[in-house]
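J.: no sequence for this one, just the structure:
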């Protein structure tokens, strides 16, 4: 525990005094570590991951103590309940962090995998091989678990990572990072392979976005809309966009009511502050006589605020009026917008207009309708008869995720170890020359 405490107490004052120099040094060290990681054997990386999981489990008291300070400060600052839910850790959540590390360790190492191999008429053999991206900067807000998720995914995929967590979770992230650093040391890997920006100064974000003089290859923003917009506007290196989750559930007239209620309640209320939470419920007008009232009342009785137009308000006096802004809102809270639509085409059109291309679901017993929805809804994740809360790398079998990419280039959906690699071509010849 002595080593963990030493790592868990960065010299914040020194970092703030000459931040550009500190950040440049972090970038250079990460670049050097990336070269080491790119050549590291799977066994060495797995040894580091095993040691990290052990350190997390041994460090529960220190992690929870640090988190308690963060939560107390956040509450004193009057932040919302949904924000607190994203920030707070307990023994079960810390164990989930450790289990996530174990899950990532069990995944096959992607680095060096030959994904394609073919022979040309001239006898040359061409291979496409997975390689790391290099140095990844991850900028995130309020979720301390991202410290571990991002760190171990980058390590497994052979990338160095620079983590810049939210100021609200600074102590928690520092305590978790201490465990990751201990695992790297135990396995003989450079601690700079997973670096944590040792300051709350927001100027550090701008320096990361500049690329740290060519030392950052990719930026992953994981947070609210304002953070993502800033990153996409200011970044001088490529970005994996993780936009807000304006997620929909469409219930048609063939849906089993018991399934629809279960899926809708889970999608909205399991954890309202996650990006996979449903924010809008669309009900086919033909289903209104049988499905609308039970679904709305179930949500209200579960403590969810329901917003809708006059048609929805007639269901229950507790329904609040919806405005145009509600259809594109990411509440991240126990609030949902509800609307009747004239069939599947109208539902798809609504999702296309107001959604964020993150995660959308249909509840239906009509196979053709489900196939149409899965085909035509242009989102990173589309589900049939399942909760939107499955928008999670762990649920995909990725062990963890660095975020949900909502763009269309290179990676889309949960970004796991494979998505954190690129590729190169290896060509084997026997003396061929080009005529």
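T.: Thanks, I have it. For clarity, every value in this text was computed on a predicted model and none was experimentally measured.
J.: remind me which helix or strand residue 101 belongs to.
T.: According to DSSP states H and E, residue 101 maps onto helix 91-106.
J.: so what secondary structure elements neighbour the helix or strand just after that helix?
T.: Once the chain leaves helix 91-106, the next helix or strand it forms, by DSSP H and E, is strand 114-119. Contacts defined by 3 or more Cβ pairs under 8 Å, 6 or more residues apart in numbering; DSSP states H and E place strand 114-119 against strand 125-132. Yep, even glycine has a C-beta here, placed from its N, CA and C like the rest.
J.: got a list of contacts for the helix or strand following the strand it packs on?
T.: The helix or strand immediately downstream of strand 125-132 is strand 135-140, counting by DSSP H and E. Residues from elsewhere that reach strand 135-140 (Cβ atoms under 8 Å, 6 or more residues apart in numbering): 27, 30-31, 34, 146, 150, 154, 159-166, 205, 208, 212, 215-223, 227, 231, 402, 420.
J.: show me how far strand 135-140 is from its chain's centre.
T.: In terms of Cα atoms, centre = their mean, to the nearest Å, the centre of strand 135-140 is set 12 Å apart from its chain centre.
J.: pull up the pairing partners for that strand, direction included.
T.: If you go by DSSP bridges, strand 135-140 pairs up with strand 160-164 (parallel), strand 218-222 (parallel).
J.: want to throw those strands into CSV with mean pLDDT and distance to residue 120?
T.: Formatted as CSV, the strands paired with strand 135-140 follow (pLDDT from 0 to 100; distance: least, Cβ to Cβ, whole Å):
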stretch, mean pLDDT, distance to residue 120
strand 160-164, 97, 35
strand 218-222, 89, 32
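J.: can you tell me which of the ones you listed is most buried?
T.: Each of the strands paired with strand 135-140 was scored by mean neighbour count; the highest is strand 160-164, a mean of 27, by mean count of other Cβ atoms under 10 Å.
J.: where in this structure is the helix or strand with the lowest mean pLDDT?
T.: helix 2-7 (a mean of 38; mean pLDDT, DSSP states H and E).
J.: so where do the strands sit in the stretch 201-350 of the chain?
T.: According to DSSP state E, counting those that start in this stretch, the stretch 201-350 of the chain carries its strands in the segments 218-222, 247-251, 278-284, 305-308, 320-321, 335-341.
J.: dump these to TSV, plus distance to residue 371.
T.: Formatted as TSV, the strands of the stretch 201-350 of the chain follow (distance: least, Cβ to Cβ, whole Å):
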stretch	distance to residue 371
strand 218-222	32
strand 247-251	14
strand 278-284	16
strand 305-308	29
strand 320-321	35
strand 335-341	19
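J.: need the least confident one among the ones you listed, by mean pLDDT.
T.: Of all the strands of the stretch 201-350 of the chain, the minimum mean pLDDT falls on strand 218-222 (a mean of 89).
J.: can you list contacts of that strand?
T.: 133-141, 143, 146, 150, 208-209, 227-228, 230-232, 235, 237-242, 402-403, 415.
J.: and if you look at stretch 115-132?
T.: For stretch 115-132, using Cβ under 8 Å, 6+ apart, the contacting residues are 34, 37-38, 110-114, 157-159, 418, 420-430, 432.
J.: among those, name the buried ones.
T.: For these, a neighbour count by 16 or more other Cβ atoms under 10 Å gives the buried set as 34, 37-38, 110-111, 157-159, 418, 420-421.
J.: among the residues you listed, which are in strands?
T.: If you go by DSSP state E, the buried ones among the contacts of stretch 115-132 have residue 421 in strands.
J.: which members of the buried ones among the contacts of stretch 115-132 are the farthest-apart pair?
T.: Distance extremes for those: the farthest pair is 34 and 418 at 17.8 Å, using Cβ to Cβ.
J.: any idea which helix or strand comes after the helix or strand hosting residue 180?
T.: Element membership of residue 180 [criterion: DSSP H and E] is helix 170-187. Scanning forward in sequence from helix 170-187 by DSSP H and E, the next helix or strand is strand 194-196.
J.: which positions within that next one qualify as buried?
T.: Under 16+ other Cβ under 10 Å, the buried positions of strand 194-196 are 194-196.
J.: make JSON lines from those residues and add distance to residue 301 and pLDDT to it.
T.: As requested, these are arranged in JSON lines below (distance: Cβ to Cβ, whole Å; pLDDT from 0 to 100):
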{"residue": "194", "distance to residue 301": "45", "pLDDT": "98"}
{"residue": "195", "distance to residue 301": "47", "pLDDT": "97"}
{"residue": "196", "distance to residue 301": "43", "pLDDT": "97"}
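J.: would you turn these into TSV with distance to residue 55?
T.: Formatted as TSV, those follow (distance: Cβ to Cβ, whole Å):
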residue	distance to residue 55
194	12
195	17
196	15
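J.: closest to residue 368 out of the residues you listed?
T.: Distances from residue 368 to these, taken by Cβ to Cβ, are shortest for residue 194, at 48.2 Å.
J.: so what's the closest one up against?
T.: Here residue 194 is in contact with 151, 154-155, 160-161, 163, 177, 180-181, 184 (Cβ under 8 Å, 6+ apart).
J.: tell me the one of these nearest residue 362?
T.: Among those, and counting by Cβ to Cβ, the member closest to residue 362 is residue 154, at 34.6 Å.
J.: all helices for the stretch 201-350 of the chain, in order.
T.: Taking DSSP state H, counting those that start in this stretch, the helices of the stretch 201-350 of the chain run over residues 203-209, 225-234, 257-269, 293-301, 310-313, 344-354.
J.: ok, of the ones you listed, where does mean pLDDT dip lowest?
T.: helix 225-234 (a mean of 84).
J.: for it, name the packing helices and strands.
T.: When contacts are defined as 3+ Cβ pairs under 8 Å, 6+ apart, helix 225-234 packs onto helix 203-209, strand 218-222.
J.: format those as CSV; extra columns: distance to residue 104.
T.: Compiled in CSV, those are given as follows (distance: least, Cβ to Cβ, whole Å):
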stretch, distance to residue 104
helix 203-209, 24
strand 218-222, 16
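J.: helix or strand for residue 43, which one?
T.: Per DSSP H and E: helix 42-58 holds residue 43.
J.: okay, the angle between whichever helix or strand comes after that helix and helix 42-58?
T.: For helix 42-58, the following helix or strand on the C-terminal side (DSSP H and E) is helix 60-76. Using axes from the mean of the first three to the mean of the last three Cα atoms, to 10 degrees, the inter-axis angle of helix 60-76 relative to helix 42-58 is 70 degrees.
J.: averaged pLDDT, whichever helix or strand comes after helix 60-76. What do you get?
T.: For helix 60-76, the following helix or strand on the C-terminal side (DSSP H and E) is helix 81-87. On average, the pLDDT along helix 81-87 is 84.
J.: nearest residue to residue 91 other than its sequence neighbours?
T.: Distances taken as Cβ to Cβ, 6 or more residues apart in numbering place residue 60 nearest to residue 91, at 6.2 Å, with adjacent residues excluded.
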